[in-house]
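Chemist: here you go, sequence then predicted model.
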Amino acid sequence: MEREKGRETTTCLGLFLVVLALYALFSPGRIDIIDGQIRFEVARNLIEMGEPILRDPAIMFMALPGRNGAAVSHYGLGPSVGSVPVLWLWKIVDGSSLEFGRFLFSLTSSLYGAGLAVVVYLSYRRLGITRISALGWTAVCATATLLWPLSTTTFDQAQHAFLFGLCFFLVAFSGPSAGAGRGMAAGLSAGFLCAHHEYLFLLAFPLAFLPVFVRADRALSGARFRIGLLTGLLAGVIVMLALNWWRFGSPLESGQALRSRIFGYSLLGNPLSGLAVLLASPGKGVAFFSPVCLLSALGFSGLKRQAPEVARAVAGATVILFGFLSFVSFRGGDWCWGPRYLAPLLPLWALTLPFSPRTIRGLPVRNVVVGAGLVVQLLALSVDHQRFFFERALPDYFWAWDPNFYFRDSALLARPGEIASLFKGVPPESRSFRPGPEPASVTYCIFGNRDRRDAPRWMREFQVFYLPRPWPLWMSTIEETRRPIALIPWTAGLMAAFCTGAALLATSLKRPSPDQVP
């Protein structure tokens, strides 16, 4: 038993290192969206001042009026709090360099994505999947679904997926002997999830009651676990409400709702149109951007036979999140790649993959779909996502004014042409690396131009739209003095971490020789 626990620990550590290194190497190495810039600013001020406020003059146009005149963000505090450990490392290593701090911040999602890979692997093992098969399907989940691009961005959906996946694992795979500590961990995960976005409470709350409603003869957990679970969730919700009161003067005030009132767009949309966008549109349809979900649908009946309570929870979470997102105007979550708000469902859908058919009428369905998923994610990682929107001269909130856009145009279909343009090199009229404040910085986020009608011409003045997105590639094209890190040591270090993780995985997969078996 102890030997097996040791092998499992080695497997998890190796898996974490491999996925972390892979995600970190494919990350942008800079804050790739203004949402990330705001979260960086809040996290930085939490560390330096102890207050979740905004001070950067360049992003004050995004600030909301808080209590006592404070400038605050409309985002929940969860993503900023979740990046505080990374920024502590920045302060310890070189707190004087903002460029280095932003670079480290850009790797935050990679940490959560790697943690989620371990959670998915452990979930497979609880379902009775062999170690080598569990690792294989975890690799599919980590590289052939939206989780790869979402783990290489300063958007916070990788945190959503990790927290919900962890809570789901702790709840769905806890036996009757599970104690209050495990339940508290599950509840705190759900509570912290709510601190990211209020709507995620719709997922966390039903999951918290999952152990209560299963049949007594198939109980997932005991009373102490349930008490700890609900206590942890309640604590998280109370903290969320208290932070809302601190920022806006009301525990029920939502930053998103306040922002929509200020900027004049509606939060509600047509539910039929919203559902069609998420399911079938080439611009945001989940099957286009994460084809592996088709295998998930085919494998659901197998999961239901193997673990009916888990299957029902997967189906319930799917219905809840799709139902909510279909009713809101920001269902596409732009400016981004794919339907990022579906991230919490991806690790749940991955649980059905081992039960999907290998072939259908002789066709190798698994290989084809997984291969297509991998190609789509590599496309996602190749070019800056905002190029697509600037080339079409879209306004900031186009999704609120033109909900049918996703049926007319698609970032996925445009991406091959964008990649082809990389081989032509940077346009001769480009004059700097990126647009926006701090023009000498390569890690500050991109700002758009005032006249969006001129955006297709304007964007040709900046190299960032015409260079490969992963940081080891674009950093090699700029002067060494402008790089936020030492390029070769960092690249070598992450590759060494990848090789170390791979060696640990290889060790864990070796069968013990006969003389080693007790």
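Modeler: That came in fine, so what should we check first?

Chemist: count the neighbours of the residue nearest to Met60 when sequence neighbours are not counted for me.
Modeler: Leaving out its chain neighbours, the residue that sits closest to Met60 by C-beta to C-beta, 6 or more residues apart in numbering is Ala71, at 6.1 Å. The way it works is simple: take the backbone N, C-alpha and C, and place the C-beta from them, glycine included. Using other C-beta atoms under 10 Å, Ala71 has 17 other residues around it.

Chemist: quick check: Ala71 touching Pro65?
Modeler: Yes: at 7.4 Å, Ala71 and Pro65 qualify as touching, with contact defined as C-beta atoms under 8 Å.

Chemist: okay, the residue nearest to Met60: pLDDT?
Modeler: Note on Ala71: pLDDT of 89.

Chemist: Glu2: neighbour count?
Modeler: Neighbours of Glu2 (other C-beta under 10 Å): 7.

Chemist: and if you look at Gly371?
Modeler: Neighbour number of Gly371 under other C-beta under 10 Å is 13.

Chemist: measure it to Val120 for me?
Modeler: 20 Å (C-beta to C-beta, to the nearest Å).

Chemist: picking that back up, can you report phi and psi for the residue nearest to Met60?
Modeler: Ala71 has phi and psi values of phi -90, psi 120 when expressed as degrees, to the nearest 10.

Chemist: just checking, what's the longest helix in this protein?
Modeler: When the chain is parsed with DSSP state H, its longest helix is helix 223-248.

Chemist: tell me which other helices or strands it touches.
Modeler: Secondary-structure packing of helix 223-248 (3 or more C-beta pairs under 8 Å, 6 or more residues apart in numbering; DSSP states H and E): helix 180-194, helix 201-208, helix 210-213, helix 255-263.

Chemist: among the ones you listed, which gets the worst mean confidence?
Modeler: helix 210-213 (a mean of 53).

Chemist: can you give me the helices for the stretch 401-518 of the chain?
Modeler: Under the criterion DSSP state H, counting those that start in this stretch, the stretch 401-518 of the chain contains helices at 405-408, 411-422, 455-458, 471-474, 487-509.

Chemist: returning to what we had before: now the longest helix of the chain: buried residues?
Modeler: Of the residues in helix 223-248, those buried by neighbour count under the rule 16 or more other C-beta atoms under 10 Å are 224-226, 228-233, 236-237, 239-241, 243-244, 246-248.

Chemist: what are the boundaries of the strands in the stretch 51-200 of the chain?
Modeler: For the stretch 51-200 of the chain, the strands defined by DSSP state E, counting those that start in this stretch occupy 64-65, 71-72.

Chemist: possible to save the ones you listed as CSV with distance to Leu378?
Modeler: Formatted as CSV, the strands of the stretch 51-200 of the chain follow (distance: least, C-beta to C-beta, whole Å):
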stretch, distance to Leu378
strand 64-65, 38
strand 71-72, 38
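
Chemist: low-confidence ranges, the stretch 51-200 of the chain, go.
Modeler: Residues of the stretch 51-200 of the chain meeting the criterion pLDDT under 70: 176.

Chemist: what residues are up against Arg224?
Modeler: 178-180, 183 (C-beta atoms under 8 Å, 6 or more residues apart in numbering).

Chemist: distance-wise, check it relative to Thr231.
Modeler: Separation of Arg224 from Thr231 (C-beta to C-beta): 10 Å.

Chemist: identify the contacts common to these two.
Modeler: Residues touching both Arg224 and Thr231 by C-beta under 8 Å, 6+ apart: 180, 183.
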